[in-house]
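> only geometry, no sequence info:
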């Protein structure tokens, strides 16, 4: 059985911007991914609301993606593919980061996986780095993400450059879905479906199963 770890934030957790609750498992993109891939694959959901790439959040706390990634890899090994979808929370005004720095933070996570022994026979798993889609029209999060909309539009190209530098696989979610009109940050069910299907296609290709 192929083991796929999906490491992300609230959009991997499945935050519903319409109800502020959690989407059912079959609606979340990870659930769609599991359904698309079938029984020969095991999709592991590791989504946390507010998770950053590598930054300590002075307000929310315990959100540093790098800190948890290492024990997470050890917990779920052996892994075949690690899918990383992080960076949206790095756009929060409190971090004052450029799109370049956010992508660099994602690159640090790629390094962690590639230098690990969390794959088969203590090798490193394959990495699929996903660039978050641009933010939409903000509502409740206007102040929190002040200045983030324009920066978010640059994430795709910087993430692609990081993926090329690190030699990992890449997907630009901004080419697949748009952030929900409900809050401008999270995904609608249609976005989850589109992303899950796109990741499934990519994972099959990575593993030579297409």
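Arrived safely. Just so it is clear, the model here is predicted, and its values are computed rather than measured. Residues are numbered from 1 along each chain as shown.
> what about residue 154, distance to residue 79?
Separation of residue 154 from residue 79 (Cβ to Cβ, to the nearest Å): 30 Å. Every residue, glycine included, has its C-beta placed from N, CA and C.
> who's more crowded, the two?
residue 79 (23 against 16; other Cβ atoms under 10 Å).
> Backbone dihedrals for that one, both of them.
Main-chain torsions, residue 79, degrees, to the nearest 10: phi -110, psi 150.
> And residue 129, by the same measure?
Here is the backbone geometry of residue 129 (degrees, to the nearest 10): phi -90, psi 120.
> Strands of the protein, residue ranges please.
Under the criterion DSSP state E, strands of the chain are mapped to 2-8, 41-47, 81-85, 126-131, 169-172.
> Pick the most deeply packed of those strands.
For the strands of the chain, the largest average neighbour count (mean count of other Cβ atoms under 10 Å) is found in strand 81-85, namely a mean of 27.
> what ranges do the helices span in this structure?
10-13, 29-37, 65-76, 99-114, 148-152, 155-166, 189-206 (DSSP state H).
> do you know which of the ones you listed lies nearest residue 22?
Proximity to residue 22 (Cβ to Cβ) singles out helix 10-13 among those, at 6.7 Å.
> helices or strands up against the closest one?
Applying 3 or more Cβ pairs under 8 Å, 6 or more residues apart in numbering; DSSP states H and E, one finds that helix 10-13 contacts helix 29-37, strand 41-47.
> Columns distance to residue 9 and mean pLDDT on top of those, output as TSV?
Below are these laid out as TSV (distance: least, Cβ to Cβ, whole Å; pLDDT from 0 to 100):
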stretch	distance to residue 9	mean pLDDT
helix 29-37	12	98
strand 41-47	6	98
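> for those, which one sits closest to residue 130?
Short answer: helix 29-37, nearest of these by Cβ to Cβ, at 10.0 Å.
> could you give the angle of the closest one to strand 126-131?
For helix 29-37 against strand 126-131, the angle by axes from the mean of the first three to the mean of the last three Cα atoms, to 10 degrees is 130 degrees.
> that older thread, how about the helices of the chain in CSV, adding distance to residue 47 and mean neighbour count?
Formatted as CSV, the helices of the chain follow (distance: least, Cβ to Cβ, whole Å; neighbours: other Cβ atoms under 10 Å):
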stretch, distance to residue 47, mean neighbour count
helix 10-13, 3, 24
helix 29-37, 7, 23
helix 65-76, 11, 17
helix 99-114, 14, 21
helix 148-152, 19, 20
helix 155-166, 18, 19
helix 189-206, 12, 20
